[in-house]
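Chemist: here is the input, now give the coordinates:
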Amino acid sequence: MNENDINALTAWLAKAGLSGEPEDTLVSGFCDRAVAAGLPFSRAQVFIDTLHPVYEGRLVRWGYAPTRPVVQEYGRTGSATGASAEDVARWSASPFFHMLQTGKNILHRRVSEESEPDFPVFKDYRADGMTDYIAIINRFAPENAIGEMDCIYSSWLTSRVDGFNDADIAALKRIVPTLALAFKAAALARMTGTLMETYLGRDAGRLVLSGRIMRGVTERIDAVIWFSDLRGFTRITDSSPEQIIPLLNDYADVVVSAINAQGGDVLKLIGDGILAIFTAEDRAHACAAALAATVEAQKQVQALSARRANESLPTTDMYVGLHVGEVFYGNIGSTERLDFTVVGPAVNETSRIAAMCRSVDQPVLVSETFAAVDGMRGHLLSVGRYALRGVTQPQELFTLDPA
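Modeler: Reported below is the predicted structural model:
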């Protein structure tokens with residue numbers, strides 16, 4: 001690879017990084033161009049730790065068998081994070097773990113010449129016909145680390161008989177930092193979107209990322225408002241405080257999944273409560289989606305409770321209040337702390353309806369406004385008129401028709 005090839009590849013990486021190409025496109029584009037310019041890659045891996053509620057990071061492969069996924073989200077690798085003993089052992093025996101422990105940034109090994117390899121994975125590489133291996137860690141400045149996201153890892157394999165020569169290694173040392181920079185930019189963009197959706201909700205996260213962040217900027221929307229909470233949560237917290245977080249996680253998982261599956265957006269998790277909205281081209285579609293999510297959530301909560309009961313774990317049930325009306329949707333709060341949420345009388349009324357579930361001993365209650373929407377009344381039964389705290393006129397409330 002000559003100087004012109006190196007400059008051309010560096011320029012392509014800069015352009016691809018600035019244009020927002022995803023990690024797999026960056027790696028495949030880089031490897032294809034590098035091989036065409038003379039670098040003898042047979043396989044490559046690039047990966048990075050990140051911030052994600054489930055995965056520890058993301059790995060991108062090039063040159064591997066079609067049975068191996070190009071992009072793989074990998075789980076936790078440290079024993080303190082709950083990783084399996086097998087995953088911990090595999091990571092602890094890897095070249096990269098050795099490099100982290102010794103402070104090295106590059107490691108070069110002739111795989112074909114090691115009778116008893118330093119690292120178990122080299123046996124697999126040799127069996128696949130690989131001859132030479134280079135691992136590189138491009139580290140971030142300590143103050144720029146985000147959680148475990150503190151470097152880019154990459155490995156490079158060749159099956160060429162004489163392996164990588166000095167010129168190949170020199171070229172890698174020059175070009176890989178630019179690849180790492182582009183890869184970091186793509187990972188940060190993806191991570192930002194994931195965190196926004198995880199903590200704000202899908203729609204709210206998308207709007208914030210699109211620039212809707214000014215304090216007081218809201219829009220008036222028509223939406224179905226969902227408010228749910230768990231039966232007997234206070235009793236469970238008093239009797240089994242160590243079970244609070246596992247119980248909340250289990251039940252929130254099935255309820256949020258049911259809401260998301262029907263196009264709803266979860267805006268808040270408030271202790272054992274969930275605030276969500278359903279929007280659609282008209283009220284009938286939004287109300288139908290909310291009812292479908294309610295039915296599915298009830299079914300999944302029952303199944304979850306049965307599984308937990310078999311494991312002698314605390315169980316609970318869910319209350320749901322549904323209402324439909326106009327709300328203000330957007331940025332509300334102080335100059336130092338904003339929340340992207342919904343406010344308005346309809347939100348307060350939904351909360352009061354959900355609270356009435358205990359009084360009338362019904363798992364689901366919906367407002368008369370909701371019941372009056374086209375197509376809804378046939379699925380519902382009236383449970384009578386009730387005074388709601390903070391609401392001027394008594395409301396007729398409805399529940400799901402068991403039929």
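Chemist: where's Y133, which helix or strand?
Modeler: Per DSSP states H and E, Y133 falls inside strand 132-139.
Chemist: tell me which strands that strand pairs with, and in which orientation.
Modeler: As defined by DSSP bridges, the strand partners of strand 132-139 come to strand 106-109 (antiparallel), strand 151-158 (antiparallel).
Chemist: out of these, deepest packed?
Modeler: Compared across those, strand 151-158 shows the largest average neighbour count, a mean of 23 (mean count of other Cβ atoms under 10 Å). For the C-beta atoms, the positions are set from N, CA and C on the backbone; glycine is no exception.
Chemist: just how off-centre is it within its chain?
Modeler: 25 Å (Cα atoms, centre = their mean, to the nearest Å).
Chemist: thought I6 was touching K173?
Modeler: No: with contact defined as Cβ atoms under 8 Å, I6 does not reach K173; the gap is 10.7 Å.
Chemist: for the strand holding Y133, buried residues please.
Modeler: D132, Y133, I134, A135, I136, I137, N138 (16 or more other Cβ atoms under 10 Å).
Chemist: domain map for the protein?
Modeler: For the chain, automatic domain parsing gives the domain ranges 3-198, 201-400.
Chemist: apart from its neighbours in sequence, what residue is nearest the spatially most distant residue from the centre of the chain?
Modeler: Most distant from the centre of the chain: D162, at 43.4 Å, with distances by Cα atoms, centre = their mean. Counting by Cβ to Cβ, 6 or more residues apart in numbering, T131 is the residue found nearest to D162 once chain neighbours are left out, at 7.8 Å.
Chemist: and the one you found, what does it touch?
Modeler: T131 sits next to R110, V111, S112, T158, S159, R160, V161, D162, G163 when contact means Cβ atoms under 8 Å, 6 or more residues apart in numbering.
Chemist: which one's more surrounded, I6 and K173?
Modeler: For I6 and K173, the more surrounded residue by other Cβ atoms under 10 Å is I6, and the numbers stand at 17 against 13.
Chemist: so that one, which state does it fall into?
Modeler: What DSSP: H, G, I helix; E, B strand; the rest coil gives for I6 is helix.
Chemist: how far away is it from D272?
Modeler: 58 Å (Cβ to Cβ, to the nearest Å).
Chemist: out of the buried residues of strand 132-139, which comes closest to G20?
Modeler: Ranked by distance to G20 (Cβ to Cβ), these are led by N138 at 20.0 Å.
Chemist: return the residues in contact with that closest one.
Modeler: Neighbour list for N138: N105, C151, I152, S154, V176, P177, A180 [criterion: Cβ under 8 Å, 6+ apart].
Chemist: count of neighbours near the residue nearest to the fourth one when sequence neighbours are not counted?
Modeler: Closest residue in space to S154, ignoring its immediate chain neighbours: V46 at 4.6 Å, by Cβ to Cβ, 6+ apart. A count of neighbours around V46, defined by other Cβ under 10 Å, yields 26.
Chemist: just checking, V46 is part of a strand?
Modeler: Yes: assessed by three-state DSSP, V46 belongs to a strand.
Chemist: may I see the buried residues of the longest helix seen in the chain?
Modeler: Longest among the helix segments of the chain by residue count, using DSSP state H, is helix 166-200. Neighbour counts using 16+ other Cβ under 10 Å place 168-169, 171-172, 175-176, 178-180, 182-187, 190-191, 194, 196-197, 200 of helix 166-200 among the buried residues.
Chemist: kindly report the same for stretch 385-402.
Modeler: Y386, L388, Q395, L397, F398, T399, L400.
Chemist: where is the longest strand in this structure?
Modeler: When the chain is parsed with DSSP state E, its longest strand is strand 318-333.
Chemist: distance between whatever helix or strand comes next after it and the chain's centre?
Modeler: Moving toward the C-terminus from strand 318-333, the next helix or strand (DSSP H and E) is strand 338-343. Per Cα atoms, centre = their mean, the displacement of strand 338-343 from the mean C-alpha position of its chain is 21 Å.
Chemist: wait, isn't Q72 in contact with R61?
Modeler: Yes: Q72 is in contact with R61 according to Cβ under 8 Å; the separation is 7.3 Å.
Chemist: how close does A371 sit to H379?
Modeler: From A371 to H379 the distance is 9 Å (Cβ to Cβ).
Chemist: more neighbours: the two, which one.
Modeler: Legend: neighbour count by other Cβ under 10 Å for A371 and H379, higher for A371 (21 against 17).
Chemist: the more buried one touches G378, doesn't it?
Modeler: No: A371 lies out of contact with G378 (Cβ under 8 Å); the separation is 9.9 Å.
Chemist: just the helices in the chain please.
Modeler: Going by DSSP H, the chain shows helices at 3-18, 23-36, 85-92, 95-102, 121-127, 166-200, 202-209, 233-239, 244-261, 283-310, 345-360, 368-371.
Chemist: possible to save these as TSV with distance to E56 and mean pLDDT?
Modeler: TSV is the format used below for the helices of the chain (distance: least, Cβ to Cβ, whole Å; pLDDT from 0 to 100):
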stretch	distance to E56	mean pLDDT
helix 3-18	23	94
helix 23-36	15	96
helix 85-92	10	82
helix 95-102	13	93
helix 121-127	18	91
helix 166-200	12	91
helix 202-209	21	77
helix 233-239	31	78
helix 244-261	18	93
helix 283-310	26	95
helix 345-360	37	93
helix 368-371	43	95
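Chemist: deepest-packed of these, please.
Modeler: The highest mean neighbour count among the helices of the chain, using mean count of other Cβ under 10 Å, belongs to helix 368-371: a mean of 20.
Chemist: output the contacting helices and strands for that helix.
Modeler: When contacts are defined as 3 or more Cβ pairs under 8 Å, 6 or more residues apart in numbering; DSSP states H and E, helix 368-371 packs onto strand 318-333, strand 395-400.
Chemist: got a markdown table for those, with distance to G344 and mean pLDDT too?
Modeler: Shown next, in a markdown table, are the helices and strands packed on helix 368-371 (distance: least, Cβ to Cβ, whole Å; pLDDT from 0 to 100):
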| stretch | distance to G344 | mean pLDDT |
| --- | --- | --- |
| strand 318-333 | 4 | 92 |
| strand 395-400 | 16 | 94 |
